[in-house]
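> Sequence and predicted structure below; questions after.
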Amino acid sequence: MKKKRIVVKIGSSSLTNDDGEIDQIKFNDHVKALAKLRELEHEVLLVSSGAVAAGFKRLGYITRPITLKGKQAAAAVGQSLLIQSYIEKFSGFHIIPAQILLTRDDFTNRDRYKNAYETITELLDRKVLPIINENDTVSVRELTFGDNDMLSALVAGFIKADQLIILTDVNGLYDANPNDHPDAKKIDTLTDISDDMLACTDESGSKVGTGGMRSKLLAAKTALSVGVPVFIGKGFGPNKLVEILHGNGDGTYIESENYNSISINQQWIAMHSEATGKIYVDKGAENAILYHSKNLLPAGIFKVRGEFKKGDIVEVFGLNGLIGKGEVTYSSRDLEKAIGKRSEEQTNRVRTTPVEVIHRAKWVTI
Ligand code: GLU
């Protein structure tokens, strides 16, 4: 089998028990299965939750804390315990783990995003196993990535993983909630996550599965949009991840029929950037960008709104609304001038070579 780059996401309930401790049996099972993937020379990244769940007991709480500071303190205790356990258990397989803690800001800030990418790539090149969690202790909003499903999708996207495996205690998606409908059918494969599906799925129990499926569906949708196939389901034993890779997993495989290749730059523009301005284009420019993969040139622009600098991200509107986002090579002031100059050129019938306002490589259609 071709060597693959695989992101495996494991949630708190698959790693810990209700008493606030790491569940040694479950934990060892995952470690062995991850080690098996490595033995087969796949590149592996683990997105591991469980910090709060593994830490609250040592912190002196009887049950999982409900205050933000309680959760964040528990995460600080539990994250070290988790990593300590991973280091110990993986050492038996001569695998060196590395801890990476990320927040939303690390994705929004372009330099931090690139740095995280470079670091993870370097770790993979050096055969280290990155273990990623949200940096719960400093997250400004309450554990922003929640159960880490979305974090795993974003990571899988930006390192261009061949497969995202979301391990959970449910064996995939169903066409109705199996708790309420005993005849609900399991969905083995899907090519898309439709808005209808998302609308009728909630966190607690859903039409298409049970417990926490909505965030898994949202994560799967995000991963698909950046070209990463997803498996959601469960497994047991050292071969469970290999079986999943071979298509024999107990769960749902979500794979698109046609993937768009989207660079990390474009992923950042599409999913994390904040636009500082708006550009309005005519029908000709809209068609050229959307259907003929062209750059956006000053000639197609008729209105500029907001103040932006060269290198900022702007939203681009066609006649019927937003069509995409991209990185501009002009400031708003220079672009206004270029549009003015164009009218002059038209009047005087002279022409200069236009510099693209947004290059194709820095454009994403929305
Ligand atoms: N980042 C959190 C933790 O590690 C995730 C909490 C959860 O699984 O809901 O505890």
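Good, I have the coordinates. Numbers count the residues shown, from 1 in each chain.

> where does the chain dip in pLDDT?
Flagging of the chain using pLDDT under 70 yields the residue ranges 140-146, 202-211, 340, 342-354.

> middle-most residue in it, spatially?
Taking CA atoms, centre = their mean, the centroid of the chain lies closest to Leu154, which sits 1.5 Å from it.

> Might you enumerate the residues of this protein proximal to the ligand?
Counting by CB under 6 Å from any ligand atom, the chain comes close to the ligand at 11-12, 49-53, 75, 133-134, 136, 143, 146-148. C-beta: built from backbone N, CA, C; applies to glycine.

> Just the strands from the stretch 201-350 of the chain, written as ranges.
Taking DSSP state E, counting those that start in this stretch, the strands of the stretch 201-350 of the chain run over residues 230-234, 250-254, 277-281, 301-305, 313-318, 321-328.

> tell me the most buried of those strands?
strand 230-234 (a mean of 25; mean count of other CB atoms under 10 Å).

> quick one on the thing from earlier: restricted to strands, list the residues of the chain next to the ligand.
The strands, defined by DSSP state E, take in Asn133, Glu134 from those.

> what about burial for the residues of the chain next to the ligand, which qualify?
Burial by neighbour count, 16 or more other CB atoms under 10 Å: within the residues of the chain next to the ligand this picks out 11-12, 49-53, 75, 133-134, 136, 143, 147-148.

> Now, those residues that are in helices?
Counting by DSSP state H, those place Ala51, Val52, Ala53, Ala75 in helices.

> check contacts around the last one.
Translated: Ala75. Going by CB atoms under 8 Å, 6 or more residues apart in numbering, Ala75 touches Ala51, Val52, Gly55, Asp136, Thr137, Leu143.

> out of these, which one sits closest to Arg5?
Nearest to Arg5 out of the contacts of Ala75 is Ala51 (CB to CB; 24.7 Å).

> Nearest spatial neighbour of Tyr330, chain-adjacent residues omitted?
Counting by CB to CB, 6 or more residues apart in numbering, the nearest residue to Tyr330 once its immediate chain neighbours are dropped is Val357, at 5.7 Å.

> was I right about that neighbour contacting Ser332?
No: the pair Val357 and Ser332 fails to qualify as a contact (CB atoms under 8 Å) at a distance of 10.8 Å.

> Neighbour count: these two, which is higher?
Val357 (27 against 21; other CB atoms under 10 Å).
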